[in-house]
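>>> 3D model of this:
(chains A and B)
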Protein chains: 2
Amino acid sequence: MNATQIDRARIESLVRRAIAGGSLGTPSASRPDLGLSQDPPGWVDGKPNLRVSISARHVHLTDEHVEILFGAGSVLEPDKDLYQDGFYAAKQTVMIVGPRRRMLPSVRVLGPTRGASQVELAFTDSISLGIDAPVRHSGHIDGTPGCVLVGPVGSVQLEQGVIRAARHVHMNYFDAEHFGVSNGDMMQLKVTSHECTTVFDDVLVRADEAAKLEVHIDTDEGNACFLDAASEVELTKGGCGCHK
Amino acid sequence: MNATQIDRARIESLVRRAIAGGSLGTPSASRPDLGLSQDPPGWVDGKPNLRVSISARHVHLTDEHVEILFGAGSVLEPDKDLYQDGFYAAKQTVMIVGPRRRMLPSVRVLGPTRGASQVELAFTDSISLGIDAPVRHSGHIDGTPGCVLVGPVGSVQLEQGVIRAARHVHMNYFDAEHFGVSNGDMMQLKVTSHECTTVFDDVLVRADEAAKLEVHIDTDEGNACFLDAASEVELTKGGCGCHK
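Alright, predicted model coming up:
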């Protein structure tokens, strides 16, 4: 990469960040090295601030399915903001019904709406529902099992879309540069926890302009490493993160 | 360790193995290097054969508690042998009742009976029961929470004994020698699984004369790494097992 390419990449990144709602501004004394007037999203004290979150079972819906399930003209009502800006847990929940009428009575809907509805379960959930949900990254639902969603007004037969969400880490391009990784790379997360320290391989990098550094694991993974009682979390590019 | 000590250690090991029901015999051509007439317990093709098992929630009972729960004169009735010789899943199950009357209706009893009753749960189970079960190694139950056990004839109030069983690996002394570890050491288990490869640290070595090489993890851990679909399992002494 020559000097011109670096400039183009930097300009493109800044423009994308501005479009995404970030502050472009004039590079100031605070982060002149990054060409920013302030720290990148999620950074604390001038560096990435790793957060590891357990992503409990949840549902993404299309606008059309929101109206079928909750009534004509219905929209998702934000209840609680998620750590990633612009995303929220909605007030609405749905019932998920699997084969043989096994069901989960109240699963939270996350917003905003999407182009395809999708159900993200932990493995434990999929066993209790009797659905053989494959490990997939969000949005990759071709050939996955379906289920029935039941809301207060109507129900939807999903032909596909039930997955066990694969581990991933959201980050912005400054985080990616800090770790020396790119969108689509795999990283490793080490969770240090008394008697049950665990290293998770296969953590997919999902980098965009505005994301804040956050690993998402499911409840089974969170339970396996007892995340709530963890003394340290460490995200690394190569190697395993277990060598201090 | 000098030659005399080595002889004493070897003799002691052979005697322990004979007491435990193993075949002592005369060292023959098959394992003259180990001083054995046949492979150590669990070995296949002249080397340790690693098995990784998910230890689902279960209960250990005292003789006294068996009689209270199932009636005077009752004993545990073996239903299915476990991989470890002499241990079995009993026909009997008990109900486990936690605070606020949450319960698990049917939890398998493992035999033989023990000196203290103990309930081993996955973290998911302890959440559903509302019991804050600590991660402990089997038998180390001082200060742990209790629960109520209900059988078809009677019930028992356990004052303590509800734990989340810590990861461990059973092995005999020949396995331990093979890996260069001793009873009480910690090892690491790598489970290679599509999209969810996981390295478990803190795997406690429980070595004795007659055990067969077997790692026990709980259902949360098994689900986190999708053990059923794993392509490879690897147990290592130091390092993390992630460097091939």
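
>>> going forward, measure contacts and count neighbours with C-alpha atoms only.
Fine.

>>> next up, the contacts around the residue nearest to the spatial centre of chain A.
The C-alpha lying nearest the average C-alpha coordinate of chain A belongs to A:H216 (Cα atoms, centre = their mean; 5.5 Å). If a contact means Cα atoms under 8 Å, 6 or more residues apart in numbering or on different chains, then A:H216 has A:V52, A:S53, A:I54, A:S55, A:R167, A:H168, A:V169, A:H170 as its contacts.

>>> the nearest residue to A:F226 once chain neighbours are set aside and A:L69: what is the separation?
The shortest distance from A:F226 to any residue that is not its chain neighbour, by Cα to Cα, 6 or more residues apart in numbering or on different chains, is 6.6 Å, and that residue is A:S193. Plainly put, A:S193 is 41 Å away from A:L69 if you go by Cα to Cα, to the nearest Å.

>>> near chain B, which residues of chain A?
A:123-124, A:135-136, A:166-167, A:195-202, A:220-221, A:223-225, A:239-240, A:242-243 (Cα under 8 Å from any Cα of the partner chain).

>>> got a quick ChimeraX command for the buried subset of those residues?
In ChimeraX, the members of those classed as buried (16 or more other Cα atoms under 10 Å in any protein chain shown) are selected with the following command:
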select /A:123,124,135,136,166,167,195,196,197,198,199,200,201,202,220,221,223,224,225,240,242
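
>>> after the one helix or strand in chain A whose mean pLDDT sits lowest, which helix or strand is next?
Least confident helix or strand, chain A: helix A:3-19 with a mean of 44, by mean pLDDT, DSSP states H and E. Later in the chain than helix A:3-19, the nearest helix or strand by DSSP states H and E is strand A:51-54.

>>> give me the contacts around that next one.
Contacts of strand A:51-54 with the rest of the structure, by Cα under 8 Å, 6+ apart, involve A:L213, A:E214, A:V215, A:H216, A:I217, A:D218, A:T219, A:G222, A:V233.

>>> now, which of those sits nearest B:G130?
A:T219 (16.3 Å; Cα to Cα).

>>> look up how far A:N49 lies from A:H178.
Relative to A:N49, A:H178 is positioned 11 Å away (Cα to Cα).

>>> hmm, A:R57 is touching A:P105, no?
No - the pair A:R57 / A:P105 is not scored as a contact, 11.9 Å apart, by Cα atoms under 8 Å.

>>> so what are the domain limits for chain A?
Taking automatic domain parsing as the domain assignment, the ranges for chain A are A:3-53+A:167-237, A:55-165.

>>> for A:A133, give its distance to chain B.
The spacing between A:A133 and chain B, counted by Cα to the nearest Cα, to the nearest Å, is 11 Å.

>>> next, that residue: phi, psi?
In this entry, A:A133 is assigned phi and psi values of phi -80, psi 130 (degrees, to the nearest 10).

>>> who are the neighbours in contact with the closest residue to A:P105 other than its chain neighbours?
With Cα to Cα, 6+ apart as the criterion, A:P105 has its nearest non-adjacent residue at 4.5 Å, and that residue is A:M95. By Cα under 8 Å, 6+ apart, the residues touching A:M95 are A:M103, A:L104, A:P105, A:S106, A:V107, A:L149, A:V150, A:G151.

>>> ok, these vs chain B, which is closest?
Distance ranking of those against chain B, using Cα to the nearest Cα, places A:L104 first at 14.2 Å.
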